[in-house]
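Asks: Have a look at this fold, sequence not included:
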């Protein structure tokens, strides 16, 4: 499967946007934007994040504790800041330590979690990190969303968008990609 075809596939799965944070070897805060996150189980409460294997954030996460900051719908600038390379990210944002001391971003997060690393597994150029959730803080602010290679805001309305969207009655034309990477049109 060509990488472009896979990226196109995954862009069709919108998700929330997080910043994964930890403390570096000298105690300095490190972090990176991450939209590869999922709930694993509730007993024990466990989530997973996927981080670039060559990242300073993953190196810090491997020390045992990390934070997951689920960005609120007004935090696109924070997502972009934490996805930029070679930037002193924490000089541009206010943060506070979680109970175990990992950086939390309360001013731009809809929710925050402190996690203990339970396992890691390398896959290609990324590493899957399983984290047992030790502490959480949530707010009423709606989340920032990302899909189809663009940001979106949770809709306003009763219950902050709890109402289902009305779908178009006619299904869209779909693109199919064969294993050899050739696109074909199908209805």
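Replies: Right, received. Where do you want to start? Just so it is clear, the structure is predicted and the values come from calculations on it, not from any experiment. Numbers count the residues shown, from 1 in each chain.
Asks: Give me the residues contacting stretch 80-94.
Replies: Taking contacts as Cβ atoms under 8 Å, 6 or more residues apart in numbering, the residues outside stretch 80-94 that touch it are 19, 28-29, 31-33, 78, 103, 105-108. C-beta: built from backbone N, CA, C; applies to glycine.
Asks: Could you tell me which of those residues count as buried?
Replies: Burial by neighbour count, 16 or more other Cβ atoms under 10 Å: within those this picks out 19, 29, 31-33, 78, 103, 105, 108.
Asks: Partner strands of whichever strand or helix holds residue 31, with direction?
Replies: Taking DSSP states H and E as the criterion, the element that holds residue 31 is strand 29-34. Sheet neighbours of strand 29-34, with direction, are listed as strand 18-23 (antiparallel) (DSSP bridges).
Asks: What's the separation between the residue nearest in space to the middle of the chain and residue 149?
Replies: When Cα atoms, centre = their mean is applied to the chain, the residue found nearest the centroid is residue 35 (2.6 Å). Distance of residue 35 to residue 149, computed by Cβ to Cβ, to the nearest Å: 11 Å.
Asks: Over to residue 142?
Replies: From residue 142 over to residue 149 the distance is 21 Å, taken as Cβ to Cβ.
Asks: more crowded one of the two?
Replies: Using other Cβ atoms under 10 Å, the more surrounded residue of residue 142 and residue 149 is residue 142, with 17 against 8.
Asks: Need the nearest residue in space to that one, chain neighbours excluded.
Replies: For residue 142, ignoring the flanking residues on the chain, the nearest one in space by Cβ to Cβ, 6 or more residues apart in numbering is residue 154 at 3.5 Å.
Asks: Go ahead and confirm that neighbour touches residue 75.
Replies: No. Because the distance of 11.8 Å does not satisfy Cβ atoms under 8 Å, residue 154 is recorded as not touching residue 75.
Asks: thinking the residue nearest to the centre of the chain is in contact with residue 146, fair?
Replies: Yes. The pair formed by residue 35 and residue 146 meets the contact definition of Cβ under 8 Å, at 5.4 Å.
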